[in-house]
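> sequence and predicted model, in that order:
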Amino acid sequence: MSKLIENTEKFVFDLFKNELDQSFLYHNYTHTERVLRSVREIIENTNIDEKDAEILELAALLHDTGYIKTREGHEEESVKIATAFLKEQAADEKTIEGVIECIIATKFKDSPKTTLGKIIRDADASHFGKKYFNEASEFLRKELEIQGIATYSPTEWLNENIKVLTKKHEFYTDYALKNWQPRKEKNLAKLMKSKKKRKKKLNTEELKAKYKAQYKNESPERGIQTFYRVALRNHIKLSDIADTKANILLSVNAIIISLVLANLISKLDNNAYLVYPTAIFTISCVVSMILSIIATRPNITSGEFTKEDVVNKKVNLTFFGNFHKMSLEEYDWAVNELLKDKDYVYSSLTKDLYFLGKVLERKYRILRITYTIFMIGMIVSVLAFGYALKTNGAKLEDVLPEETQSVSQVSNSNQNDFFLNE
């Protein structure tokens with residue numbers, strides 16, 4: 001590697017590092033290095049003299065330096081920068097002219113005329129025939145988007161790449177045609193395959209959307225079905241909540257009664273004043289338990305129906321209580337009859353909703369009474385216990401013997417004397 005090439009590499013690296021905008025995701029030093037490697041790859045496999053090889057390497061390094069000034073017409077700016085730098089490096093006129101010619105040859109609009117022009121053009125577009133084509137292509141798309149030049153959707157960019165590879169680009173050198181063209185064709189095949197998949201997927205989605213919209217427009221019953229589904233689900237949730245509330249009351253009252261039986265009942269013989277409060281407390285708990293059991297106690301109906309009931313649409317086949325005693329064949333026949341008539345289906349669902357609502361009303365009404373009794377029983381019990389304890393304490397003072405009272409007074413007097421002496 002000549003000293004001029006080394007100096008040029010350092011110059012271009014520093015130039016891009018310090019002056020190139022960060023929005024250039026594709027046209028940066030990484031791209032320059034790729035072009036340089038591709039140039040050297042062609043040189044190694046082509047009969048090129050050292051002077052021409054140097055010109056090609058210099059052009060590969062300097063061809064995109066104009067991007068620090070402008071995007072449009074960057075080749076002309078690159079020529080100015082390259083000319084000033086090479087003159088500063090005391091390069092001969094032939095080298096400078098050769099580099100300028102190669103930089104101008106990188107313009108994508110015109111076909112290169114010279115051998116060096118064809119080599120630098122193939123090297124500049126070598127990513128079309130490389131494995132990193134997709135990566136480089138995506139960087140270019142994002143660069144155009146960030147700089148506000150053009151915004152492509154993935155599908156649009158896919159079509160643009162196919163258009164470039166099929167109509168706008170071609171390799172010129174024998175080496176590129178032999179070694180890079182096959183990979184380019186593979187990349188193109190992948191793009192076309194991806195386009196086909198995207199088109200198929202898009203058609204499928206459009207077809208689904210079409211049928212979905214058509215079905216939605218032609219079937220207003222979807223709203224009706226949603227109503228029944230949501231209403232039934234809400235009824236079931238409310239029933240679960242009611243059962244949970246009843247279970248809570250049962251558990252709490254069972255614990256309370258267990259504590260009463262274990263602690264209070266055995267002491268009532270010596271504490272007769274606690275009989276009434278304890279009775280109120282226990283009775284309120286027992287009544288609450290009974291009402292909780294009534295609220296959750298299942299009520300199963302006869303479980304039988306006749307063919308006349310099905311024909312006359314009098315039986316609700318959605319509730320197990322109406323068919324649990326029937327045979328499978330009879331129930332299967334009845335359901336088939338039900339499904340033949342749309343109005344019968346909705347009628348059965350309506351009945352199911354109605355009777356679920358009646359059951360819920362009964363459960364919540366009994367639970368409200370139960371919670372009210374439990375609450376009042378707790379309040380009255382606490383007040384009764386407080387009154388009994390207070391009243392009983394006053395009677396104990398009244399019935400204390402006089403001797404006990406005098407002893408108590410003497411004891412208090414002695415205690416006062418002791419503290420006074422101290």
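All right, it came through fine.
> neighbouring contacts of stretch 268-286?
Applying Cβ atoms under 8 Å, 6 or more residues apart in numbering, the contact partners of stretch 268-286 are 253, 256-257, 260, 264-265, 267, 373-374, 376-378, 380-381, 384-385, 387-389, 391-392. Yep, even glycine has a C-beta here, placed from its N, CA and C like the rest.
> quick one: mean pLDDT for it?
With pLDDT averaged residue by residue, stretch 268-286 scores 82.
> swap in stretch 194-201?
Confidence over stretch 194-201 (mean pLDDT, whole number) is 84.
> what residues of that stretch count as buried?
Ser194 (16 or more other Cβ atoms under 10 Å).
> could you do stretch 107-117 as well?
Lys107, Pro112, Leu116, Gly117.
> closest one to Arg365 out of those residues, please.
When the buried residues of stretch 107-117 are compared for distance to Arg365, the smallest value, 88.8 Å, is given by Lys107; criterion: Cβ to Cβ.
> gap between that closest one and Arg362?
Note on Lys107: its distance to Arg362, by Cβ to Cβ, to the nearest Å, is 88 Å.
> got a markdown table for the buried residues of stretch 107-117, with secondary structure too?
Rendered in a markdown table, the data for those read as follows (DSSP: H, G, I helix; E, B strand; the rest coil):
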| residue | secondary structure |
| --- | --- |
| Lys107 | coil |
| Pro112 | coil |
| Leu116 | helix |
| Gly117 | helix |
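> quick one: which two of those are the most distant?
Every pair in the buried residues of stretch 107-117 was compared (Cβ to Cβ); the two farthest apart turn out to be Lys107 and Leu116, at 14.3 Å.
> in three-state terms, label Lys314 for me.
coil.
> what's the local residue count around it?
By the measure other Cβ atoms under 10 Å, the count of residues near Lys314 is 13.
> next, it: phi, psi?
Summarising the backbone geometry of Lys314 under the convention degrees, to the nearest 10, its torsions are phi -100, psi -10.
> that one and Lys196, how far apart?
Where Lys196 is concerned, Lys314 sits at a distance of 59 Å (Cβ to Cβ).
> next one: Ala209
Applying Cβ to Cβ, one obtains 20 Å for the distance of Ala209 from Lys196.
> phi and psi next, for Ala82.
When quoted as degrees, to the nearest 10, the phi and psi of Ala82 stand at phi -60, psi -40.
> hang on, it packs against Val99?
Yes. At 5.5 Å, Ala82 and Val99 qualify as touching, with contact defined as Cβ atoms under 8 Å.
> overlap in contacts of these two?
In terms of Cβ under 8 Å, 6+ apart, Ala82 and Val99 are both contacted by the residues Leu58, Ala59, Leu62.
> residues contacting the first one?
Which is Leu58. Leu4, Ile5, Thr8, Ala82, Leu86, Thr95, Val99.
> how many residues are close by the closest residue to the fourth one other than its chain neighbours?
Spatial nearest neighbour of Ala82, excluding adjacent residues (Cβ to Cβ, 6 or more residues apart in numbering): Leu62 at 4.1 Å. Applying other Cβ under 10 Å, we find 25 residues neighbouring Leu62.
> surely Leu62 meets Ile103?
Yes. At 6.6 Å, Leu62 counts as touching Ile103 under the criterion of Cβ under 8 Å.
> pull up the overlap in contacts between those two.
For the pair Leu62 and Ile103, residues contacting each of them under the criterion Cβ under 8 Å, 6+ apart are Ser78, Ala82.
> now stretch 25-33: how far from the chain's centre is it?
Using Cα atoms, centre = their mean, to the nearest Å, we find the averaged C-alpha position of stretch 25-33 to lie 37 Å away from the chain's own average C-alpha position.
> go through it and flag the buried ones.
Burial within stretch 25-33, assessed by neighbour count using 16+ other Cβ under 10 Å, is assigned to Leu25, Tyr26, His27, Asn28, Tyr29, His31, Thr32.
> now do stretch 122-131
Of all the residues in stretch 122-131, those buried under the rule 16+ other Cβ under 10 Å are Asp122, Ala123, Asp124, Ala125, Ser126, His127, Phe128, Gly129, Lys130.
> please apply the same query to stretch 325-342.
Of the residues in stretch 325-342, Met326, Glu330, Ala334, Leu338 count as buried by neighbour count, 16+ other Cβ under 10 Å.
> format those residues as TSV; extra columns: pLDDT.
Putting these into TSV (pLDDT from 0 to 100) gives the following:
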residue	pLDDT
Met326	80
Glu330	82
Ala334	81
Leu338	79
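> from these, which is closest to Thr155?
Closest to Thr155 out of the buried residues of stretch 325-342 is Leu338 (49.4 Å), distances taken as Cβ to Cβ.
> lovely, talk soon.
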